[in-house]
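what shape does this take:
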Amino acid sequence: MPPSVKPHVVRLNAQTMPMSDEERRTLAVLEPRLLEAETAEDGVLAKMLRDADAVVVVSACLRPPVVAGMDRCKIISRSGTGVDKIDVGGATRKGIIVNNLPDAFTDEVADHTLALLLAAARRIPFLDRLMRQGRNLRGDGGLHRLARQTAGIIGFGRIGRAVARRCRAFGLRVLACDPCLTPEAAEREGAMAVNLDTLLAAADYVCLLCPLTASTRGMLAMPQFKKMKPSAILVNTGRGELVNEDDLATALREGVIQFAALDVFGVVNVLDAKGFPTDHPLFKLDNVLFTPHFAAVSVEALLDSRRRAAQAVVDVLSGKWPEHPVNPDVTPWFPMPPKPEHLEPPTAA
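Modelled structure (predicted):
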């Protein structure tokens, strides 16, 4: 665009996830026309983004009807890791670069996963309730030594490997399931590569950490819960839609599995600025521990992710490739220098 035309940048989720001062300072070099918005309606989004040169998104959905009308957009910058709420295929066809931050929250999510696992293993929520009632627990409370138990990690990317390291520190045996994982790579992380059925049957703690895709959506439902130990504990810090939550509620209520610790949800949008309903059967169960999609949160991670998402916008609108395009095979509709070698998609063997 001509130098005299200020780029139009739209920052979504501006109420639920307000802009940081560092984010504003990063974008300020562009002297943009900046619109801060909070909406989840496709029709409103479509009108709002029609003339946008760049969009920064935290948790909003950019579905095909919205992306299809983004004729001026050069970059969709995701201030986070998952891109399952963005029509990446549609953006690629339109020549829009989509960038994410795959390493932004690794330590936070790994720490939170272990926190949920430990809270479930040591029955912290139940013991807290007893204390508040002035009661003690007689006997062993069904607690087991972690060093004699097994953690099964589904999804062995950055976060999965970080969780494995933390599990090993507590003496847990680690099984890992990931279609891209080799036995050698698992062994280097102190884990054993297994298929899903083997993991479900052997694990005392099943940790869901894989991305949400067409093949992983609903991957755990009643048939899978029945393959797990009755004493098994499910920890989900990946995506809520990985699980059939109606089946999970039934499995927990009927004792198919013992406990679930959940940070992510498909049945409710815990990031809705207006709040969310709690009438799903999961909320009526005592053997569920909830946190409100908070696994990735820390002061440092949020500040860094906001700055880096803004920097990706500055890079692209300044004619540079961003740090982590999720569609490196995109052919931008606007002039760009040749892709750096590390961004080129692998060639067929």
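
what helix or strand is Glu187 on?
helix 183-188 (DSSP states H and E).

what's that helix in contact with?
For helix 183-188, contacts defined as C-beta atoms under 8 Å, 6 or more residues apart in numbering pick out Phe156, Ala176, Met192, Ala193. Glycine gets a C-beta too; all of them are placed from N, C-alpha and C.

could you do stretch 103-117 as well?
80-81, 151, 158-159, 162-163, 165-167, 170, 205, 207, 209, 233, 235, 237, 261, 263, 289, 291, 294-298, 301, 304-305, 308.

mind listing the strands for the stretch 51-200 of the chain?
Counting by DSSP state E, counting those that start in this stretch, one finds strands in the stretch 51-200 of the chain at the ranges 54-57, 75-78, 97-99, 150-154, 173-177, 192-193.

pull the helix holding Glu187 out as PDB, backbone CA atoms only.
The C-alpha trace of helix 183-188 is given here as PDB (Å, rounded to 0.1, in the frame of the first residue of the first chain):
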ATOM      1  CA  PRO A 183      10.300 -45.100  19.300                       C
ATOM      2  CA  GLU A 184      13.700 -43.500  19.200                       C
ATOM      3  CA  ALA A 185      12.400 -40.000  19.700                       C
ATOM      4  CA  ALA A 186      10.200 -41.200  22.600                       C
ATOM      5  CA  GLU A 187      13.100 -43.000  24.300                       C
ATOM      6  CA  ARG A 188      15.200 -39.800  24.100                       C
END
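
helices and strands around the longest helix seen in the chain, which ones?
Criterion DSSP state H: the longest helix present in the chain is helix 299-317. Contact analysis of helix 299-317 by 3 or more C-beta pairs under 8 Å, 6 or more residues apart in numbering; DSSP states H and E lists helix 21-28, strand 54-57, strand 75-78, strand 97-99 as its packing neighbours.

run through who's touching it.
Residues contacting helix 299-317 (C-beta under 8 Å, 6+ apart): 7, 9, 19-20, 22-23, 26-27, 29-30, 53-54, 56, 74-75, 77-80, 97, 99, 101, 104-105, 107-108, 321-324, 336.

which of the residues in that helix are buried?
By 16 or more other C-beta atoms under 10 Å, the buried positions in helix 299-317 come out as 301-302, 304-317.

could you export the strands of the stretch 51-200 of the chain to a markdown table, including columns for mean neighbour count?
Shown next, in a markdown table, are the strands of the stretch 51-200 of the chain (neighbours: other C-beta atoms under 10 Å):
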| stretch | mean neighbour count |
| --- | --- |
| strand 54-57 | 28 |
| strand 75-78 | 27 |
| strand 97-99 | 26 |
| strand 150-154 | 27 |
| strand 173-177 | 24 |
| strand 192-193 | 18 |
